[in-house]
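Chemist: Got a sequence here, can you build the structure:
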Amino acid sequence: MLALQSRLAALTLLATISACVTPKSPPPIAAKPVQLADGRTIVPGEQAGLDGRSIELALVQIDVPRGKEIGRVSGEIGTMCTGMGVMGPIHQQQPRSQGRSSEWSDTFYRVMSGHGFRVTGDPSQLFDAQRDDGGELQFGLSITEMDMDIRALCDFTGRYMVGIRGKSRITVEWQVFDPVRRQVILRQRNEGRFETAEAIAPDQKVMMQLAFADAANQLATSPELRQTMTERAPLPQPGAPAVVQDRSRISLRRVALSQQPISNHIDRLRSATVLIETGTGSHGSGFLITEEGLMVTNKHVVGGQRFVRVRLVSGRAVVGEVLRAHDLRDVALVKLEGSGYPVMAIRETPVAVTEEVYVIGAPQMKQLAWTVTRGVVSAWRPAHPPSRPFDLIQSDVAIHGGNSGGPMLDRQGNLVAIAVMGWAPDPNNPSANTSLNGFIPILDGLEKLGLELVDPAEYQRRRNLTAGQ
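Modeler: Have a look, this model is predicted:
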């Protein structure tokens, strides 16, 4: 009897000690310093200065078999926490699955942005209008192993869990996908760990997220990822075209000019205008000239890239391949995947001074794509070699960085020119709008790309001849 009383007293004392422990809040999920294999320590912020390509966590795959034991909960000595039925093994409850979970995405955002990466999906942005576009590089992860060893602290009664300590581990296989090149450009596997000797609030999911944050910190500071993020397409050598020039002529079917006011079909014209994302943090505009997906933009928009990501007004992103370019005239021809695109009618007579014109494009920010501005033709500026060996149309219609490559239209919505430049009065603020903007006459741009307009009957005859070869 005395031995039983002594044992009950000891259990009561241990339960009381457990109840006196005040659990702390879990440590914040954030970017942390990481020591590399070569002994260097990378602290948050040192990864800043990357090339600006945005990233997103596009896919999370739980690749742990359903029913597999992924951890265990045991009591501190002398305690059982029996009231909630939480003691014993923890099993994976969900079947193998893919998807986007806000829990994993939020951890990814906090860690990667803390290390200087430009990450889409800021959890603090509540409204769609404030959200970023999809990332220029897409990250996916497969969780192949999870394990937790949790020790529970109970309340005075020994029934309810009031805190936990222990450790967690997660194995992650990462993939980085470039949607422009349409290939996985990096694969990496790492293991994240978290351990606490201090009692924290009893949340098993937080334990696993802290282990995942450790894995994300390792990814963010890995030299392999930094190299991947800073790789660029080779720049063209001076005097050499970035794209191999095809000397053959390409026939374009003439589209009947519109006689209606531009406001009557502005939605179709905006649908024929595109946003171009080069994968280097910059963007520009362009426009479609054939239903088969040929589009025109500026050479300086596509730079030295062979492939660019093109976003349609619907929000859908497609891949475009740069087929031709003319450096001096600053025009490029891009072929989009697919067909059935809306096109613009091309006007073959020059615009006149004081004629009303409209421009569609993405001034300054991608979120402002398909903005329409209005102005007049201010002047024709003849070629001025050697810096500007071609004519330009001058207009006061407002354009900014990001409008480059976009269409200039007449008051009926017919294509007359291509946005290319603006004269900035302040060299320290090149994006300032001065109403002094330059545009490439559309026929000159098409000619430099080897494109010629033909009547529908002749166009069909040439297609038949090509098909018969």
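
Chemist: tell me the SS of Glu292?
Modeler: coil (DSSP: H, G, I helix; E, B strand; the rest coil).

Chemist: Was I right to think it contacts Glu337?
Modeler: No: using C-beta atoms under 8 Å, Glu292 is not in contact with Glu337; the gap is 10.4 Å. For the C-beta atoms, the positions are set from N, CA and C on the backbone; glycine is no exception.

Chemist: Bridging across strands, which residues link to Arg324?
Modeler: Leu333 (DSSP bridges).

Chemist: separation between the closest residue to Gly450 other than its chain neighbours and Leu453?
Modeler: Spatial nearest neighbour of Gly450, chain neighbours left out: Arg249 (5.4 Å); criterion: C-beta to C-beta, 6 or more residues apart in numbering. Distance, Arg249 to Leu453, by C-beta to C-beta, to the nearest Å: 11 Å.

Chemist: Looking at these two now, which is surrounded by more residues?
Modeler: Leu453 (16 against 13; other C-beta atoms under 10 Å).

Chemist: That one reaches Leu446, doesn't it?
Modeler: Yes: Leu453 lies in contact with Leu446 (C-beta under 8 Å); the separation is 7.5 Å.

Chemist: Between the two, which contacts overlap?
Modeler: Contact criterion C-beta atoms under 8 Å, 6 or more residues apart in numbering; residues shared by Leu453 and Leu446: Leu252, Ile346.

Chemist: now Asn217, what's its secondary structure?
Modeler: State at Asn217, reduced to three classes by three-state DSSP: helix.

Chemist: And for Gln367?
Modeler: helix.

Chemist: Relative to Glu458, how far out is Leu465?
Modeler: For Leu465, the distance to Glu458 - C-beta to C-beta - is 11 Å.

Chemist: what about those two, which has more around it?
Modeler: Glu458 (13 against 9).

Chemist: which non-adjacent residue is nearest the more buried one?
Modeler: Ser251 (7.7 Å).

Chemist: tell me the secondary structure for that neighbour?
Modeler: Ser251 - assigned by three-state DSSP - is strand.

Chemist: In this model Val454 seems to touch it, though I could be wrong.
Modeler: Yes: counting by C-beta under 8 Å, Ser251 does reach Val454; the two are 5.0 Å apart.

Chemist: Common neighbours of these two, please.
Modeler: With C-beta under 8 Å, 6+ apart as the test, Ser251 and Val454 both reach Arg462.

Chemist: Strands of the stretch 1-150 of the chain, start to end?
Modeler: Assignment of strands within the stretch 1-150 of the chain using DSSP state E, counting those that start in this stretch yields the ranges 34-35, 41-42, 54-62, 69-75, 88-91, 97-99, 118-119, 137-154.

Chemist: quick one: which of the ones you listed is nearest Asp106?
Modeler: strand 54-62 (9.4 Å; C-beta to C-beta).

Chemist: so what strands line up beside that closest one?
Modeler: strand 97-99 (antiparallel), strand 118-119 (parallel), strand 137-154 (parallel).

Chemist: Could you pull up the contacting residues of the nearest residue to Ala216 once chain neighbours are set aside?
Modeler: In space, not counting the residues next to it along the chain, Ala216 is nearest to Val111; the distance is 4.0 Å by C-beta to C-beta, 6+ apart. Counting by C-beta under 8 Å, 6+ apart, Val111 makes contact with Ile29, Ala30, Ala31, Ala213, Ala216, Asn217, Ala220.

Chemist: Enumerate every residue touching Val310.
Modeler: Contacts of Val310 by C-beta under 8 Å, 6+ apart are Val274, Leu275, Ile276, Glu277, Gly286, Met295, Ala317, Val318, Val319, Gly320, Val334, Leu336.

Chemist: Hmm, the second one is touching Ser285, no?
Modeler: Yes: between Leu275 and Ser285 there is a contact at 6.5 Å, judged by C-beta under 8 Å.

Chemist: Show me the strands in the stretch 201-350 of the chain, by range?
Modeler: Using DSSP E, counting those that start in this stretch, strands in the stretch 201-350 of the chain cover 250-253, 273-277, 283-288, 294-297, 307-311, 317-326, 331-336.

Chemist: Next, format those as a markdown table and append mean pLDDT and distance to Arg381.
Modeler: Shown next, in a markdown table, are the strands of the stretch 201-350 of the chain (pLDDT from 0 to 100; distance: least, C-beta to C-beta, whole Å):
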| stretch | mean pLDDT | distance to Arg381 |
| --- | --- | --- |
| strand 250-253 | 89 | 26 |
| strand 273-277 | 93 | 25 |
| strand 283-288 | 94 | 22 |
| strand 294-297 | 96 | 21 |
| strand 307-311 | 89 | 29 |
| strand 317-326 | 91 | 19 |
| strand 331-336 | 94 | 17 |
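
Chemist: now these in CSV, with distance to Leu415?
Modeler: Output for those, formatted as CSV (distance: least, C-beta to C-beta, whole Å):
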stretch, distance to Leu415
strand 250-253, 11
strand 273-277, 10
strand 283-288, 7
strand 294-297, 9
strand 307-311, 18
strand 317-326, 18
strand 331-336, 13
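
Chemist: who wins for proximity to Val397 among these?
Modeler: Comparing these by C-beta to C-beta, strand 283-288 comes nearest, at 13.5 Å.

Chemist: That closest one: partners in the sheet, and parallel or antiparallel?
Modeler: As defined by DSSP bridges, the strand partners of strand 283-288 come to strand 273-277 (antiparallel), strand 294-297 (antiparallel).

Chemist: Return the most buried member of the ones you listed.
Modeler: strand 273-277 (a mean of 27; mean count of other C-beta atoms under 10 Å).

Chemist: Not counting it itself, show me its contacts.
Modeler: With C-beta under 8 Å, 6+ apart, strand 273-277 has contacts from 133, 136, 180, 283-288, 295, 297, 301-302, 308-313, 317, 320, 334, 360-362, 366, 369-370, 405-407.

Chemist: Which stretch among the strands paired with strand 283-288 approaches Met207 most closely?
Modeler: strand 273-277 (38.3 Å).

Chemist: returning to what we had before: which of the strands of the stretch 1-150 of the chain sits closest to Leu257?
Modeler: With C-beta to C-beta as the measure, strand 54-62 is the member of the strands of the stretch 1-150 of the chain nearest Leu257 (39.7 Å).

Chemist: Just the CA coordinates for the closest one, please, in PDB.
Modeler: Taking Å, rounded to 0.1, in the frame of the first residue of the first chain, the C-alpha atoms of strand 54-62 are listed here in PDB:
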ATOM      1  CA  SER A  54      10.600  35.300 -60.900                       C
ATOM      2  CA  ILE A  55       9.900  31.900 -59.400                       C
ATOM      3  CA  GLU A  56       6.800  30.100 -58.200                       C
ATOM      4  CA  LEU A  57       6.100  26.900 -56.300                       C
ATOM      5  CA  ALA A  58       3.900  25.300 -59.000                       C
ATOM      6  CA  LEU A  59       3.500  21.700 -57.800                       C
ATOM      7  CA  VAL A  60       3.800  19.800 -54.500                       C
ATOM      8  CA  GLN A  61       3.700  16.000 -54.600                       C
ATOM      9  CA  ILE A  62       3.300  13.800 -51.500                       C
END
